[in-house]
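Peer 1: Sequence isn't available, so here's the structure alone:
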Ligand SMILES: Cc1cc2nc3c(=O)[nH]c(=O)nc-3n(C[C@H](O)[C@H](O)[C@H](O)COP(=O)(O)O)c2cc1C
């Protein structure tokens, strides 16, 4: 079973992005074992302390040491990703560089119409930095705009066309992971 770590860019209690992450985790549980790894408690990245990082950082990195792949789900804050997520990614770009070479797919939900497209463009740029080196699924952007109209009263995603689209992206991601593995075993 593919072991996937999910990082969620919103830490608020009723986060749509957390709901979307849980939806993906539960819907595809027969294909992927998605574990949501919290980023709320992480210390601010500080190069002065990175060699003796605080427990919050050590625990975080330890939980990511043996995952096969990553899922990042983010809102858009001021046309980019939230600082709390950038902070987590900055920690992951140092030391063991836990995302390096790891297949990664991204998703985002917003109440606006553009569905986090600008944040996701920044996120792809960040994940392509030498310290990150994630292997991001090309294309296949899960952009959930006007999310407040696509969930029911309990916050569960119910919009059929969005669900169908996510099904297709997850299929693509599973194929992408398999092709990455073939390339790695050949070389
Ligand atoms: C500080 C801040 C900045 C925001 N900037 C944007 C933005 O640039 N684009 C956008 O579509 N929505 C923006 N929003 C709206 C968020 O996308 C919306 O609040 C969303 O529900 C947050 O995700 P969450 O429900 O997972 O917490 C912003 C919200 C906040 C609090």
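Peer 2: Arrived safely, thanks for sending. It should be emphasised that the depicted structure is a prediction, and the values quoted were computed from it without experimental measurement. Residues are numbered from 1 along each chain as shown.
Peer 1: which one is residue 129 nearest to, not counting chain neighbours?
Peer 2: Spatial nearest neighbour of residue 129, excluding adjacent residues (C-beta to C-beta, 6 or more residues apart in numbering): residue 93 at 6.6 Å. In short, each C-beta sits where N, CA and C put it, glycine included.
Peer 1: Looking at the lengthiest helix in the chain now, give me its mean pLDDT.
Peer 2: Ranked by residue count and defined by DSSP state H, the top helix of the chain is helix 160-186. Mean pLDDT, computed over helix 160-186, is 91.
Peer 1: ok, now stretch 38-58?
Peer 2: The pLDDT scores in stretch 38-58 average 97.
Peer 1: which residue is nearest the centroid of the protein?
Peer 2: Residue closest to the average C-alpha location in the chain (C-alpha atoms, centre = their mean): residue 72, at 0.7 Å.
Peer 1: sec struct for that residue, please.
Peer 2: When classified by DSSP: H, G, I helix; E, B strand; the rest coil, residue 72 comes out as strand.
Peer 1: can you check residue 3 too?
Peer 2: What three-state DSSP gives for residue 3 is strand.
Peer 1: Chain neighbours aside, what residue packs nearest to residue 150?
Peer 2: residue 159 (3.7 Å).
Peer 1: ok, so what distance separates that neighbour from residue 146?
Peer 2: Per C-beta to C-beta, to the nearest Å, residue 159 is found 9 Å from residue 146.
Peer 1: Then residue 96?
Peer 2: Separation of residue 96 from residue 146 (C-beta to C-beta): 39 Å.
Peer 1: Compare the two (neighbour count), which wins?
Peer 2: A direct count of neighbours by other C-beta atoms under 10 Å for residue 96 and residue 146 places residue 146 higher, at 14 against 11.
Peer 1: can you tell me which residues contact that one?
Peer 2: Remark: with contacts taken as C-beta atoms under 8 Å, 6 or more residues apart in numbering, residue 146 is in contact with 111-113, 115.
Peer 1: cool, residue 165 as well?
Peer 2: Residue 165 sits next to residue 142 when contact means C-beta under 8 Å, 6+ apart.
Peer 1: same deal with the one 4 residues further on?
Peer 2: Taking C-beta under 8 Å, 6+ apart as the contact definition, residue 169 lies against 105, 107, 137, 140, 142.
Peer 1: what about 6 Å?
Peer 2: The contact partners of residue 169, by C-beta atoms under 6 Å, 6 or more residues apart in numbering, come to 140, 142.
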